[in-house]
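A.B. asks: Predicted model and sequence below, questions to follow.
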Amino acid sequence: MLDIKLLRERADFVKERLASRGAGDERRVDEVLALDESRREKLGEAEKLKAQRNAASKEIGALMAQKKAAEAETRKAEVRAIGDRIAALDREVSEIETRRETLLLQFPNLPHETVALGRTAEDNPVIRTWGQPARFEFTPRSHIELCEKLRLVDFARGAKLAGSGFLLYTGWGARLERALIQFLLDLHVREHGYTEVSPPFLVGQHCMVGVGQFPKFVDQAYAVREGADDATLGKLYLVPTAEAPVANIHREELLAADQLPIRYVAYSPCFRAEAGAAGVGTRGMIRVHQFDKVELIKLVRPEDGYDELEKMVANAERVLQLLGLHYRVIGLCTGDMGFASAKTYDIELWSPGQGGWLEVSSCSNCEDFQARRMNVRFKDAEGHNRFPHILNGSGTALARLFVALLETYQQADGSVVIPEPLRPYLGTTMIPS
RNA sequence: GGAGAGGUGGCAGAGUGGUCGAUUGUACCUGACUCGAAAUCAGGCGUGCCCGUGAGGGUACCGAGGGUUCGAAUCCCUCCCUCUCCGCCA
């Protein structure tokens, strides 16, 4: 959520930054400011009346103590009238407040000044590239062919169980998935200093609002109810990413300065409805409704936010370097960034089977945008309460990592060599054809 | 799911209609004492919002929401959560 004070004081700046995203959000700034002004006006009026009432009530108390009952009754009648006006104003204020908040929650974060201006993915600058595309002396197979040949994923039966976009991993496929999760968690815990957490895979809507997933992207979520009673039972949502529960761990808390930085790593399955994406790359494992991911989350002092973002990207890159996978890091331009982010780097893996790049990680600094929504603060050295920067990054997504791994290390006979660091986890040097 | 108890400031814990934003203890900060520390003494010490250049003033907040009242931490209603016991269950 944007700071209403920033909108008041630097409306033009806010409009310019919002406009750079190209979604037209800047057009609603004046609407919010108008609501804000009328709120302050009514609030001032209401508070003046409350001050009057409080003073009068005190006097009534004193009169009663002196047993001047008649006088007290006269005053009571006067104050009752003030009370009615207060109630009316309070209703107005809270109605205006609701409208203001509703609007404010729909504004995306402001892009950081270092983010490239642009409209689409075409405008994203490539920051760096690592490694070389794998070379083959035979025609490389796609991950789909490999999965079918090696019986790693049973696409047909996965779809039979839950519909298209759900995967049934089998045999070495299931074991590879499990090995990757463990490898990633261990790496980030042991070498990168993250604390492992294992969160709930369903969260309440307040968590979804907290990370900026709601209200804008409700249609991307899977909603879950206990039982079948719509009216009385609370609604939970399957997590679209571990960011949803993990970033919210400290919601509504006031942290001590020495608790920061906080660095969490968590595995979770990720559930995405992908509404509107039907038919787009739906074959195979590139775009699915459920995939595994190991997520990195940090809460840091604002002055450390951007250093920590660079470190987070390096932590995600380390995964790919250890696995020897060709990748590139791109900087998302203003028009391509996610809703909550002020700055995002994506990491893309080379897929020999697709002959293209696959996004496996997205690392963002959301600055105080989420902290404000979830009301996480910390007390700084001067004793001031401030919002920390909250960062999230995939470290990394699994299904696409799985794809690149198979396609990169496939042999002529279809078998797949397992890169060295993964061997202890999988207990084999290769997946036989 | 049933029965009971409870949710108050960083923590502990008083407060059952007015002078209570809240006694007290503890933690923390400052000062005094000390070579220094401990102990002791004195003072300070919540958050949001609104007004004000500022000093400051106002207002709201005792799990959440509603109600009664001139006035609610305190009374009433609804909901949420925690604890204990019972039931069910991986």
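C.D. replies: Yep, that arrived.
A.B. asks: C-alpha from now on. contacts and neighbour counts both.
C.D. replies: Noted.
A.B. asks: Please tell me I have it right and A:Gly118 contacts A:Cys333.
C.D. replies: Yes. Here A:Gly118 reaches A:Cys333: they are 5.2 Å apart, a contact under CA atoms under 8 Å.
A.B. asks: between the two, who's got more neighbours?
C.D. replies: Using other CA atoms under 10 Å as the criterion, A:Gly118 and A:Cys333 rank with A:Cys333 on top: 25 against 19.
A.B. asks: The more buried one: what secondary structure?
C.D. replies: A:Cys333 falls in the coil class when you classify it by DSSP: H, G, I helix; E, B strand; the rest coil.
A.B. asks: among the helices and strands of chain A, which has the poorest mean pLDDT?
C.D. replies: strand A:223-225 (a mean of 80; mean pLDDT, DSSP states H and E).
A.B. asks: what about A:Ser341, distance to A:Leu358?
C.D. replies: A:Ser341 sits at a distance of 20 Å from A:Leu358 (criterion: CA to CA, to the nearest Å).
A.B. asks: again, but for A:Phe155
C.D. replies: Note on A:Phe155: its distance to A:Leu358, by CA to CA, is 20 Å.
A.B. asks: what about the residue in chain A that RNA strand B sits nearest to, which helix or strand?
C.D. replies: Residue of chain A nearest RNA strand B, by CA to the nearest atom of the strand: A:Ala51 (3.0 Å). A:Ala51 belongs to helix A:29-65 when assigned by DSSP states H and E.
A.B. asks: by contact count, what packs against that helix?
C.D. replies: Applying 3 or more CA pairs under 8 Å, 6 or more residues apart in numbering; DSSP states H and E, one finds that helix A:29-65 makes contact with helix A:4-9, helix A:69-104.
A.B. asks: at 7 Å instead, please
C.D. replies: On a contact count with 3 or more CA pairs under 7 Å, 6 or more residues apart in numbering; DSSP states H and E, helix A:29-65 meets helix A:69-104.
A.B. asks: what distance separates the helix it packs on from the centre of its chain?
C.D. replies: 39 Å (CA atoms, centre = their mean, to the nearest Å).
A.B. asks: For the helix or strand just after it, buried residues please.
C.D. replies: Moving toward the C-terminus from helix A:69-104, the first helix or strand encountered (DSSP H and E) is strand A:126-130. The neighbour-count check on strand A:126-130 (16 or more other CA atoms under 10 Å) flags nothing as buried.
A.B. asks: Would you tell me which residues of the stretch 251-400 of chain A are close to RNA strand B?
C.D. replies: Proximity of the stretch 251-400 of chain A to RNA strand B, by CA under 7 Å from any atom of the strand, involves residues A:Gly383, A:His384, A:Asn385.
A.B. asks: Then the stretch 1-150 of chain A?
C.D. replies: If contact is defined as CA under 7 Å from any atom of the strand, the residues of the stretch 1-150 of chain A in contact with RNA strand B are A:40, A:43-44, A:47-48, A:50-58, A:60-62, A:64-65, A:75-77, A:79-80, A:83.
A.B. asks: Show me how the record splits chain A into domains.
C.D. replies: Using automatic domain parsing, the domain ranges for chain A come out as A:4-104, A:121-431.
A.B. asks: follow-up on the earlier one: name every strand pairing with the least confident helix or strand of chain A and say which way it goes.
C.D. replies: With DSSP bridges as the criterion, the sheet partners recorded for strand A:223-225 are strand A:235-238 (antiparallel).
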